[in-house]
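# my questions concern the predicted model and sequence given below.
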There are 2 protein chains.
Amino acid sequence: MGELSLIEKIRGLLGPPGAGIIIGPGDDAAVLEPPAGLTVVTCDAFVEDVHFRKGYASLSDIGWKCMVANLSDIAAMGGFPAHAVVSVCVDPGSTEDDVLGLYRGLLGAARSYGTEVVGGDVVSSTTGLVVSIALLGVVDPERIVTRRGAVPGDALVVTGELGGSDVGLMALRDGEGAVEDLAAAVDRHLRPKPRIAEAQALIDVATPHAMIDLSDGLTTDALHLAEESCVGIVVREETIPIAGCAATAADRFGVSPAELALASGEEFELLVALPASEVDRSVEHVEAVTGTRLTRIGEIVESERGHILIGKDGTEDALRRTGYEHALGRER
Amino acid sequence: MGELSLIEKIRGLLGPPGAGIIIGPGDDAAVLEPPAGLTVVTCDAFVEDVHFRKGYASLSDIGWKCMVANLSDIAAMGGFPAHAVVSVCVDPGSTEDDVLGLYRGLLGAARSYGTEVVGGDVVSSTTGLVVSIALLGVVDPERIVTRRGAVPGDALVVTGELGGSDVGLMALRDGEGAVEDLAAAVDRHLRPKPRIAEAQALIDVATPHAMIDLSDGLTTDALHLAEESCVGIVVREETIPIAGCAATAADRFGVSPAELALASGEEFELLVALPASEVDRSVEHVEAVTGTRLTRIGEIVESERGHILIGKDGTEDALRRTGYEHALGRER
């Protein structure tokens, strides 16, 4: 694989720099007009056989999801993504077409959500493929939502439906990705969507106190939000919106739909704490503007009450980390 | 290694966020005040056994150099670095202390040059350690220098002295890092310095047309500059400033000092094309302000003349890529 040839081809995929990009890819650094607001920046790395397996996903799928994971982080701050820089460590088994496929996927996700790739780095990896993306965006100072502002009395709401990503992964693992009623779950797993518009619609009509995207799974990320806000949290299992495919998966893979919804990682839905009085109008407005459900699944309580999961039978249990622990975590 | 324990300890190393950081590490994304100028952004990934070997460098050294490579890219655009986000893919052989050592090194470099780490990601690697850094900075729109503006008639100048980094690497490989007259070369290899102040001093008194940092080696990066500017280039071997240790290395390792200076990678000096009339005052001012030599080593010529290396005996040869080709390149 020739370095210059590959870099030329990647530049071809990127196309000419858009508005606000003073210097685009190909120099020591990119130069951008600063945003009309605050700069928001995040980064995430994705490692072969930890975050993805080439056996389950095309290179384009892998690129798409790596970009979405970053887009989702910007969404969860109340921001809009704008510019990305991408480092790809190419494993010896990858061809030039593989790298271009990866770029097509990540550019597809970026462009779908108003983001341009303005620079990057392509280096050798001695073993697996590693994709590292840093994403810059803009956030209105009045609309920043952190993980830290939840207060007792807040309602806890979640966008969309949960469980589909893990069902999709199970279907891929078991070679049942082509089974008709699992195709939507596979698509959900391979081509997730960041909830940028949903976050903005919510902030338009409500004053969310804390927000986090569900990358590690509902229970794990609910604990992150509660711990960062120094509050207790109650999640009511019977109210959790479960993806339709989870029922199918329950039969096929012998798992509980509710457990799937609690543990499924890489859902990229938003979990939000907001004043209880704002829930009704938020549900109505977010669905009207984006078509996405918003569902109340619990509340924020005093820290002394701890982190609680109320089962369908009304029993209380401790909310425990059950989702993916990507960071230094278990292999997928 | 516990994820939360490690992340807590990394946050402890980072300390409280400084001025201009609205939201620091620990949330979905960091939020920053936009710079009073344009935003400059770069990223680089560093892979174990491609860009570094643990046998030659401490984790702290590795962290330092990864950060410097990014700082150097910002310097070469005429910018000032300000904020970094860091992804670390931790290999199974690394301990918590190793990761903290890596952070100490990269924070040491960052803080030495006015940069704060505002976010990051720590994930598992199935094999080697991978460090990926994205660096944001600020550049005055009137002071941007790209790789693309060199014109025939420009002089070609370089900061500092060349060859030391490769000599240091050879000394480490051969277990002679402790040899007294090679210690400076080892330090140069493990703890390079970005030429931020040198770039600024140069821009204060001159109008550089094109600038690049020497990460791949003099000949390779000179070709990058010439190709991006669509010009020819002449480098005069006898004028190249060679590090003192290269003479020592010539005896010890059987290599030519001049070849070392042409090929040595990761020197992080700046190669600059500027009007010939501005060379004298640039040399004087850069050395007065920073203590760093600036040496004229050639000139920009019409593209038809090609890329030429004039040897000490006056013979002309084609300038060929001889340095490190990090991108998809040879293993170190």
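Done, it's in. Numbers count the residues shown, from 1 in each chain, chains lettered A, B, ... in the order given.
# any idea how far residue A:225 lies from chain B?
10 Å (C-beta to the nearest C-beta, to the nearest Å). To be clear about C-beta, it is placed using only N, CA and C from the backbone, and glycine gets the same treatment.
# one more: residue A:90?
6 Å.
# I'd say that residue and residue A:129 touch.
Yes - the pair residue A:90 / residue A:129 is scored as a contact, 6.5 Å apart, by C-beta atoms under 8 Å.
# near chain B, which residues of the stretch 151-300 of chain A?
A:211, A:212, A:213, A:228 (C-beta under 8 Å from any C-beta of the partner chain).
# contact partners for the first one?
By that I understand residue A:211. If you count contacts by C-beta atoms under 8 Å, 6 or more residues apart in numbering or on different chains, residue A:211 has them with A:76-78, A:145-147, A:199, A:225, A:270-273, B:28.
# check which helix or strand covers the residue in the stretch 1-150 of chain A positioned nearest to chain B.
The nearest approach of the stretch 1-150 of chain A to chain B comes at residue A:134, 3.2 Å away (C-beta to the nearest C-beta). Assessed by DSSP states H and E, residue A:134 sits inside strand A:130-139.
# parallel or antiparallel, which strands does that strand pair with?
Note on strand A:130-139: by DSSP bridges, its sheet partners are strand A:38-47 (antiparallel), strand A:80-90 (antiparallel).
# where's residue A:163 relative to residue A:172, distance?
Relative to residue A:172, residue A:163 is positioned 15 Å away (C-beta to C-beta, to the nearest Å).
# the more surrounded of these two?
residue A:163 (31 against 20; other C-beta atoms under 10 Å in any protein chain shown).
# what sits against the more buried one?
Contacts of residue A:163 (C-beta under 8 Å, 6+ apart): A:242, A:243, A:245, A:246, A:249, A:257, A:260, A:261, A:264, A:267.
# for the most centrally placed residue in chain A, phi and psi?
The residue lying closest to the centre of chain A (C-alpha atoms, centre = their mean) is residue A:268, at 3.2 Å. Main-chain torsions, residue A:268, degrees, to the nearest 10: phi 60, psi 20.
# would you agree it is in contact with residue A:213?
Yes - the pair residue A:268 / residue A:213 is scored as a contact, 5.7 Å apart, by C-beta under 8 Å.
# and for those two, which residues touch both?
Counting by C-beta under 8 Å, 6+ apart, the contacts common to residue A:268 and residue A:213 are A:72, A:194, A:195.
# in terms of secondary structure, what does the helix or strand hosting the first one contact?
The one in question is residue A:72. Residue A:72 belongs to helix A:59-76 when assigned by DSSP H and E. When contacts are defined as 3 or more C-beta pairs under 8 Å, 6 or more residues apart in numbering or on different chains; DSSP states H and E, helix A:59-76 sits against strand A:38-47, strand A:80-90, helix A:96-112, strand A:130-139, helix A:183-190, helix A:196-205, strand A:210-213.
# who is residue A:42 paired with across the strands?
Going by DSSP bridges, residue A:42 is paired in beta bridges with residue A:135.
# how many neighbours does the closest residue in space to residue A:218 that isn't next to it in sequence have?
Take residue A:218 and drop its neighbours on the chain: the residue closest to it by C-beta to C-beta, 6 or more residues apart in numbering or on different chains is residue A:262, 5.2 Å away. Around residue A:262 there are 24 other residues, counting by other C-beta under 10 Å.
# give me the residues contacting the helix or strand of chain A with the lowest mean pLDDT.
Taking mean pLDDT, DSSP states H and E as the measure, helix A:244-253 is the helix or strand of chain A with the lowest mean score, a mean of 81. Helix A:244-253 has contacts (C-beta under 8 Å, 6+ apart) with A:161, A:163-164, A:167-168, A:170-171, A:174, A:176, A:181-182, A:184-185, A:188, A:255-257, A:260-261.
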